[in-house]
Every structure is written in structure tokens, then in C-alpha cells.
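K.L.:
Please find the sequence and the predicted model below.
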Amino acid sequence: MKKLILILIAIVSVNTFAQSKYQQGMEKAFELWKADKPWEAANLFERIAQAENENWLPPFYVAQINVFSSFNEQDKEKMVAQMDKARNFLNDAKARTENNAEVVVLEAQLLTAWVVYDGQQYGMKYSPKIAELYQKAFEIDPENPRVVLGKAQWDIGSAKFFNQPTDVYCDDIRKAIELFGKEEPAGEFYPTGGGEYAEQVLQENCEE
């Protein structure tokens, strides 16, 4: 009995140590990101992803950093490298979770980055898929503010492209802001935030 108790204590201690290392690593990665060091953060998230091979969050953040950084990228070689890396880690995240609206939205954003980079080449190719992804994310989690905001933004962009009214989507942005205001994290290190950006989107598209 004493031997069994010692074994159980050892197992708990190892798990606690591993969890502590994971928490420390994730906290450090977010600190680097907030300090405007996204690539250092991405490298750390990548190392965590290799160690935590069943956790979708580390590869998700590697992909997210690469996607977000690509919206301002003009160099084709860098764009391709970042998008390839984003796709690989996004696929890793998808393999580790199911029916995850955050992952679906990130995939839509990845394709949107290509449209922003070269609308003439990628607009017609990816637009239907992007709309489909946002609809899928909305069906999974209609109360997720990043889902509601992302879908509204895409709808507004599409309406502008076809010279259609955009004000019909302003209530969706206001709904996203409301949801951001009462959002509670789904778990430790889960995606959160975006309310300030939603306010900016509302001001740019809906406020007179």
C-alpha cells in the first residue's frame, strides 16, 4: 500500500511539473507577443507545440502569428513562407480539436490574407470558401464574438466590392461588441479579446 501511494505521488508530481512548464512557456510566449516580438513568441509556441502534442492551442498561435503578420506583407517569398507555415500549424491544430470555431475563423483569415495580398489572383478563388468558413464557424458557436465580428467584416468587405449597402451588417458588429463585453475565457490560454478592434471596425464602417 505504501509503495502504491509513493507511485501515485510520483505520477502527480511529474504531471504537475509538466503542467507548470507548459504554463510558464505559454505565459512567456504571450509576454513576448505583447512586447511586439511576434516571431520570438511564435518560435516559443512552436517548441511548446512539439512538447504538447495533443494540445491545439500552441500550434494555433503559431499559425495565428504567421497569418496576422501576412496581412501587411508585400514580399512574395516571405508571404509564401509565412502562409505555408501557418497552414502546416493550422492543420496540426485542426487535428487536435474538433468543431472548433476559433480554428475555423483562423482558416478563413488565412485565406483572406491571400485575398488582401493579391485580390485579382485570389479573390474569386477563395471568396466562396471564406464565406463558407465563416458560416460554419457561426453554426458552431454563434455567441463567439470573434466569429460574429469576422463574419460581419467579411460581409461588409464583400458588399463594398459589389457596391452594395453595408449598413445591414452594423448590428452584427454591435452584437460582437456586446459579446466581447461579457466574454469569459473557455479555458486557460484560450483566445480572448478583440473588443477594441470591434469598436474600431464599427467606427470605420457604421458611425457617421
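P.N.:
Great, that's in hand. Note that this is a predicted model, so its numbers are computed, not measured. Numbering: from 1, shown residues only.

K.L.:
Please count neighbours and contacts with C-alpha atoms only from this point.
P.N.:
Fine.

K.L.:
and the gap between the closest residue to Ala101 other than its chain neighbours and Val103?
P.N.:
Excluding its sequence neighbours, the residue lying closest to Ala101 (C-alpha to C-alpha, 6 or more residues apart in numbering) is Ala137, at 4.6 Å. Distance of Ala137 to Val103, computed by C-alpha to C-alpha, to the nearest Å: 9 Å.

K.L.:
Give me the more crowded residue out of these two.
P.N.:
Ranked by neighbour count (other C-alpha atoms under 10 Å), Ala137 and Val103 place Ala137 first, with 26 against 23.

K.L.:
list the contacts for that one?
P.N.:
100-102, 104-105, 147 (C-alpha atoms under 8 Å, 6 or more residues apart in numbering).

K.L.:
The helix or strand where it lies: how far from the chain's middle?
P.N.:
Element membership for Ala137 (DSSP states H and E) is helix 119-140. How far helix 119-140 lies from its chain's middle: 16 Å, per C-alpha atoms, centre = their mean, to the nearest Å.

K.L.:
In it, which of the residues would be classed as buried?
P.N.:
For helix 119-140, the neighbour count (16 or more other C-alpha atoms under 10 Å) marks 122-123, 126-127, 130-131, 133-138, 140 as buried.

K.L.:
what's the answer for stretch 140-149, then?
P.N.:
Buried, per 16+ other C-alpha under 10 Å, within stretch 140-149: 140-141, 144-149.

K.L.:
will you turn the residues you listed into a markdown table that also has pLDDT and distance to Arg47?
P.N.:
Listed next are the buried residues of stretch 140-149 as a markdown table, based on pLDDT from 0 to 100; distance: C-alpha to C-alpha, whole Å:
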| residue | pLDDT | distance to Arg47 |
| --- | --- | --- |
| Ile140 | 98 | 30 |
| Asp141 | 97 | 30 |
| Asn144 | 97 | 28 |
| Pro145 | 97 | 29 |
| Arg146 | 97 | 26 |
| Val147 | 98 | 28 |
| Val148 | 98 | 32 |
| Leu149 | 97 | 31 |
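
K.L.:
what's the most distant pair in those residues?
P.N.:
For the buried residues of stretch 140-149, the maximum inter-member distance is 14.6 Å, found between Ile140 and Leu149 (C-alpha to C-alpha).

K.L.:
Low-confidence stretches in this protein?
P.N.:
1-19, 207-208 (pLDDT under 70).

K.L.:
Could you say which helix or strand holds Ala41?
P.N.:
Per DSSP H and E: helix 38-51 holds Ala41.

K.L.:
Show the backbone phi and psi for Phe189.
P.N.:
Per-residue torsions, Phe189: phi 70, psi 10 (degrees, to the nearest 10).

K.L.:
Around Ala35, count how many other residues there are.
P.N.:
10.

K.L.:
Tell me the spacing between it and Gln64.
P.N.:
Separation of Ala35 from Gln64 (C-alpha to C-alpha): 16 Å.

K.L.:
One more: Glu107?
P.N.:
9 Å.

K.L.:
next one: Val201
P.N.:
Taking C-alpha to C-alpha, one finds Val201 at 20 Å from Gln64.

K.L.:
Which one's more surrounded, these two?
P.N.:
Neighbour totals were compared for Val201 and Gln64, and Gln64 leads with 22 against 18 (other C-alpha under 10 Å).
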